[in-house]
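Chemist: structure, please.
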Amino acid sequence: MWSMELVGTDEFDEDDDDWACEEIIAFRKNPFVFEFSADWEEILEITKRMIEQYLEEGVYSDKLCSYEAVAAGFVDGDLEIIYQADEE
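Modeler: The predicted model follows:
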């Protein structure tokens with residue numbers, strides 16, 4: 001079993017891996033849970049592809065892309081940035 005949770009932060013610093021610890025909202029009480037036979041690396045790749053697809057086609061993709069970044073990773077691991085707003 002694997003689960004995903006959505007976390008929102010009010011900080012982003014691609015040079016500081018702890019930026020995601022500054023949570024302002026988290027959905028842990030009702031995570032998205034799925035069963036899939038794979039190791040953590042494959043689960044991370046599947047999750048990233050799902051997020052990338054949502055950012056391209058999802059109903060609220062414009063809302064997510066209005067933020068500085070979208071990333072995926074494990075609670076005890078590094079985050080991989082999937083989307084980052086253009087710096088102006």
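Chemist: which parts of the lengthiest helix in the chain are buried?
Modeler: If you go by DSSP state H, the chain has its longest helix at helix 40-57. Judged by neighbour count using 16 or more other C-beta atoms under 10 Å, the buried positions of helix 40-57 are 43, 44, 47, 51, 55. Just so you know, the C-beta spots here come from the backbone N, C-alpha and C atoms, and that holds for glycine as well.
Chemist: low-confidence ranges in the chain?
Modeler: Along the chain, the parts satisfying pLDDT under 70 run over 87-88.
Chemist: quick one: the helices in it?
Modeler: So, for the chain - with DSSP H - the helices run 40-57, 61-64.
Chemist: out of these, which comes closest to residue 78?
Modeler: Evaluated with C-beta to C-beta, the helices of the chain place helix 40-57 nearest to residue 78, the distance being 10.0 Å.
Chemist: remind me what that closest one packs against, helices and strands.
Modeler: When contacts are defined as 3 or more C-beta pairs under 8 Å, 6 or more residues apart in numbering; DSSP states H and E, helix 40-57 packs onto helix 61-64, strand 69-73, strand 79-84.
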